[in-house]
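Chemist: Requesting a structural model of the entry that follows:
(2 chains)
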Amino acid sequence: MKKEYRPMALGFWGVGLPLLLFGIFFCRTAAQRAAVILLAAVFFLVGTLIYRAKQ
Amino acid sequence: MKLAAVDWIFIVWYFILSIGIGLYYSKRAGKSISEYFLSGRSLPWWLLGTSMVATTFSSDTPLAVTGIVIKDGVSGNWFWWNFMLGGALTVLFFAHLWRRAEVVTEVEFIDIRYSGRPARFLRGFKALYLGIPVSCITFGWVTLAMVKIIRITFGTSGITALAVCLGLTVFYTTLSGLWGVVATDMLLFGVAMAGSIILSVVSVEKAGGIGALVEAVRAAGAGAGKDYLSVFPPLGQALPLAFFVALFVQWWAVYYPGAEPGGGGWIAQRMLAGKSSKHAVQGTLWFTIAHYVIRPWPWILTALAALVVLPGIAGGSAGEMEAAYPRMIAFLPKGVAGIVIASFFAAFMSTIESIVNLSGSFLLNDFYRPFIRKNASERHYVAASRVLVLVVSLLGAGFSYVLGSVKMGWQLVMELSAGIGLVLLLRWYWWRINAWSEIAALSASAATAVYLKIFPENALVRGLGSALERAGFRIDAWGVSILLIVAVTTAAWIAATFLTKPDDPQKLLAFYRKVRPGGFWGPVARMNGGAYRLQAAPFVGWGLAVLMILFLLLGLGKVIFMEWGAGAAYLAAGGLAALLLAKVIAKIDWEGRR
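Modeler: Okay, the predicted model is just below:
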């Protein structure tokens, strides 16, 4: 992983985790829960792609 | 509204993450001007493209789109969607040329392209013009929008919260330069989009779900004689002039931050910061897709839901219509509200940090270094850059108090620069354009705009309006003034071009060999011993890019409104255009060596 990209990857994972938790515990409806958890998944995915981005 | 503790936890956590990312790059940024303003020209396409779209996505943007949709329906967005034609043009014809130019800013382009005293004057003037008043206006309108959002959401002026947010943003931007800006932009764009998607989901739920929303909006439209959901404006018997001007004139003629003809401002800065010409092209293409296709739909949905959920909003003032967007925050559950509030800060910060870094680059690279203090060390210039970024931030914050409204801000910027677009495009492809061409264009554009402001009902306006009405247009003041400004400006710069001498041949030759553009370079190409060809592929690519963006935009809209058949067809067509475009892009020689 490129050193320059590390903070961005951490940032995306750092937002993805609370999104996942808030989606599970605070959303009132199925649609809200699905949207927030899906967004959390996107954040984890993007963070991982950045982490693995090559030179 | 009152936020729960869990909302505050997310907001504080978001600030810790974003500022932490920003500060990480402060050491690297201090090495040189190239690192501070261009990230050492090492940005990959996905980073530079996302940074472009993060900058154009500001706190006022969803509000502006909400106001447009509530007033004119989805089709009102052609006011800015028309710029996709210019965006696609930049991808295929200009992104790689910017990267080859290897300048630090769009203003430094003047130094490598033109010669003599007029060029020096133009460079200094544009550095100050773009670095101070234009950046202050943009800074001001973005900040005003954030003040409005905080006031509507919390019922307070929010000056303290805003000052803290601004202060932190300026702090890390001053230290970490463009690396800090683009790295935080990645996260800020993600958070901003997440917030707008969540708000749209909750808003649509509040309106009874997508089916009920569509029915209710159609009923509201029928009552008001409007089709809110149509992507294209009703043509009827008279063609709306505003739509015609948007589609055929505005995108190439008007210099607007984030949509400059041929690229400029922060768009040019990111292209210049790319790893290579191909990365500059791919990044700008990604920006164009994210900007026109992905960004707007959550805002449009929220606006349509507001039409249904907020009684009387359609009869309100422009400001009240725009305010409908943050008003929808009231329907968010705790824990989720904090994410959406953070997303507003994200949108705000991503624009502010870019504006101040960009303005600093103009003032340092194109005014301080060439005119005030030449041949100083890189360390000196980096320190001076940080001071200038801070100064611009303070000026911008101060200007926020003076600016009357958000709309006034961007209208002012657009009108002063309407008409200069064509010369900015042609200066890459026609040797005969010189510094006087740009000076004449800038002067004529600004002078005509000011004249029309002072004398809005003058004979020229009345005459042109009548002629257009007879030709079958449904006229409006905006469309008429844009056409007038463009006509006067074009006549002025063409006259100036041919009434003044061409640039120094050696300067032109050096530019031609460095940038390797095709086009109309007759005598210069002969001096070079041969011409660089303007390939046919970019023209094909341009058409495909526009079709791709249009079909994907339409397709996404159809899917959202559950018109599955039409949605699938448009998305398939957009996908096909994308595949063909990828093939075209792969075939083009972006370095121009062949």
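
Chemist: just checking, what packs against the helix or strand B:Gly319 falls within?
Modeler: Per DSSP states H and E, B:Gly319 falls inside helix B:318-327. The elements that helix B:318-327 packs onto, with contact taken as 3 or more CB pairs under 8 Å, 6 or more residues apart in numbering or on different chains; DSSP states H and E, are helix B:61-72, helix B:135-154, helix B:296-309. Any C-beta I mention is one placed from the backbone N, CA and C, and that applies to glycine too.

Chemist: Next secondary structure element downstream of the second one?
Modeler: Counting by DSSP H and E, the next helix or strand C-terminal to helix B:135-154 is helix B:159-206.

Chemist: Next, the angle helix B:61-72 makes with that following helix.
Modeler: Using axes from the mean of the first three to the mean of the last three CA atoms, to 10 degrees, the interaxial angle of helix B:159-206 with respect to helix B:61-72 works out to 50 degrees.

Chemist: Point me to the residue of chain A nearest chain B.
Modeler: Closest residue of chain A to chain B, CB to the nearest CB: A:Phe26 (2.8 Å).

Chemist: unless I'm mixing things up, that residue is touching B:Ile9, no?
Modeler: No. If you go by CB atoms under 8 Å, A:Phe26 and B:Ile9 don't touch, sitting 11.4 Å apart.

Chemist: Kindly reformat the helices and strands packed on helix B:318-327 as CSV containing mean pLDDT.
Modeler: Below are the helices and strands packed on helix B:318-327 laid out as CSV (pLDDT from 0 to 100):
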stretch, mean pLDDT
helix B:61-72, 92
helix B:135-154, 85
helix B:296-309, 96
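
Chemist: Would you format those helices as TSV with mean neighbour count and distance to B:Asp227 included?
Modeler: Below are those laid out as TSV (neighbours: other CB atoms under 10 Å in any protein chain shown; distance: least, CB to CB, whole Å):
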stretch	mean neighbour count	distance to B:Asp227
helix B:61-72	24	10
helix B:135-154	23	28
helix B:296-309	25	12
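
Chemist: Which of the ones you listed sits closest to chain A?
Modeler: Per CB to the nearest CB, nearest to chain A of the helices and strands packed on helix B:318-327: helix B:296-309, 10.3 Å.

Chemist: CA atoms only: put the closest one into PDB for me.
Modeler: Provided in PDB are the C-alpha atoms of helix B:296-309 (Å, rounded to 0.1, in the frame of the first residue of the first chain):
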ATOM      1  CA  PRO B 296     -28.000  15.200  -8.100                       C
ATOM      2  CA  TRP B 297     -30.600  12.400  -7.800                       C
ATOM      3  CA  PRO B 298     -30.700  12.300  -3.900                       C
ATOM      4  CA  TRP B 299     -31.200  16.100  -3.900                       C
ATOM      5  CA  ILE B 300     -33.900  15.900  -6.600                       C
ATOM      6  CA  LEU B 301     -35.700  13.200  -4.600                       C
ATOM      7  CA  THR B 302     -35.500  15.300  -1.400                       C
ATOM      8  CA  ALA B 303     -36.800  18.300  -3.200                       C
ATOM      9  CA  LEU B 304     -39.800  16.400  -4.700                       C
ATOM     10  CA  ALA B 305     -40.600  15.000  -1.200                       C
ATOM     11  CA  ALA B 306     -40.400  18.500   0.200                       C
ATOM     12  CA  LEU B 307     -43.000  19.600  -2.400                       C
ATOM     13  CA  VAL B 308     -45.400  17.000  -1.000                       C
ATOM     14  CA  VAL B 309     -44.500  17.200   2.700                       C
END
